[in-house]
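Trainee: With the input below, show me the fold.
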Amino acid sequence: MLAADITTLLIPLWILLGLVLVLGILGLLGRYQGGRYLKPLFELAAKVPFLKRQMEKASKAAIERSNPELASAMRKLEPHAKQLHDPQQAQKAMSRLTREERAALLEMQEQQGGPELASMNRQMRRRLEKQQKRR
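Mentor: Okay, the predicted model is just below:
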C-alpha cells in the first residue's frame, strides 16, 4: 500500500526526468557532426502540420531578429513564391523590394549556393554582376 502511494507521487518526477532525457539526447545530436543526425528527426516532425507551423514560425522569428531586411523581403516575396520560376515574374517581384532588402536576399542566395550562372541567360548574368558591383 505504501509503495503504491510513493509511485503515484513520483509520476511527475518520472515525466520530468523523461523530458530532460529527451532534451539531452536532442542536444547531443545537435552538437554531433553539426546536427547531421538531428536533421532527419526535424524532417520527420515537419510532416505533422502543427509542428511544421511552429517550426516555420520559429524560423521566421529567428530571421527577423538576425536580419530584418531579409525577413521583410521574404514577407514581400511569399505571395509570389509559385511564380518566381518565370524570369519576368521574378523580376517584377524583385522590383518591389527596396535596395537593402534586395541586397539581403542576394546575400542569402549566395550563402545557400544561389542560382547557377550556367542556368541563367546572358541578360540575367549581367544584371546579377551589376548588382554585385554596386555593393
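
Trainee: So which residue is smack in the middle of this structure?
Mentor: In the chain, the residue lying closest to the centroid (CA atoms, centre = their mean) is Ser59, at 4.9 Å.

Trainee: Following the chain onward from the helix or strand containing that residue, which element is next?
Mentor: Using DSSP states H and E, the secondary-structure element containing Ser59 is helix 49-66. Downstream of helix 49-66, the first helix or strand assigned by DSSP H and E is helix 68-77.

Trainee: who are the neighbours of that following helix, in terms of helices and strands?
Mentor: Contact here means 3 or more CB pairs under 8 Å, 6 or more residues apart in numbering; DSSP states H and E; on that basis helix 68-77 packs against helix 49-66, helix 99-111. C-beta coordinates here come from the backbone N, C-alpha and C atoms, glycine included.

Trainee: Give me the number of neighbouring residues for Ala104.
Mentor: A total of 21 residues lie near Ala104 under the criterion other CB atoms under 10 Å.
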